[in-house]
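Student: What shape does this take:
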Amino acid sequence: MGYYSSMEPLEFKTDYSAGEVKAKFQAFKDNRPNNSPWLDIYDFKEYPDCPSLSVVMVGGDYYAKHDAGEDLALFISTIIKPGHYAVLSFIGEDFETWGYFVRSMLVDDLRMKWTLSGGRLLDDLIKRKRLNQ
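Tutor: So this is what the prediction gives:
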């Protein structure tokens, strides 16, 4: 058993080529032996005429067990172009959403919540209920 989730496609700017990133990623995985099998589902690809590097899934399926998502974010923080950012986000099989806001050498957790008209959903629904009573 395990928790499946879907990763949103991700592109980010870097000063490294895809080959250099792959070599750095392998070294990063080698320093994390417990997470290495979970990191093996990720790869990096350059597309012609695109200034960004993309994270791609080995096998092409973004629906998987993303048990090393935070480690992926930490790695990206080591290669993302300074002054730029990326949002690595996931949605779980139970529709929970989470992610990471990645900048050069810095990763922040994101916990996403639905909003209604820009406000907090629960607060808006409580207000609406009160108005309808």
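Student: C-alpha only now, for contacts and for neighbours.
Tutor: OK.
Student: residue contacts, the most centrally placed residue in the chain?
Tutor: Closest residue to the average C-alpha location of the chain: Leu88 at 2.1 Å, with CA atoms, centre = their mean. If you count contacts by CA atoms under 8 Å, 6 or more residues apart in numbering, Leu88 has them with 7-8, 10, 73, 99-102.
Student: Quick one: buried ones out of those residues?
Tutor: 7, 73, 99-102 (16 or more other CA atoms under 10 Å).
Student: could you point out where the protein is predicted with low confidence?
Tutor: Low-confidence segments of the chain, defined by pLDDT under 70, are located at 1-2, 35, 59, 113-133.
Student: hmm, 90 instead?
Tutor: Segments of the chain classed as low confidence (criterion: pLDDT under 90) are 1-4, 6-11, 17-18, 31-38, 40-41, 43-69, 91-97, 109-133.
Student: mind listing the strands for it?
Tutor: 5-7, 10-12, 42-46, 53-57, 63-64, 85-92, 97-103, 106-111, 115-116, 119-120 (DSSP state E).
Student: related to what we said a few turns ago, which one among the buried ones among the contacts of Leu88 gets closest to Arg111?
Tutor: Nearest to Arg111 out of the buried ones among the contacts of Leu88 is Gly99 (CA to CA; 6.5 Å).
Student: Please tell me how far that closest one sits from Glu46.
Tutor: As judged by CA to CA, to the nearest Å, Gly99 and Glu46 stand 23 Å apart.
Student: do Trp98 as well
Tutor: Applying CA to CA, one obtains 26 Å for the distance of Trp98 from Glu46.
Student: same question, Met105
Tutor: Between Met105 and Glu46 the computed distance is 22 Å (CA to CA).
Student: Tell me the bridge partners for the residue nearest to the centre of the chain.
Tutor: Assessed by DSSP bridges, Leu88 has beta-bridge partners Tyr100.
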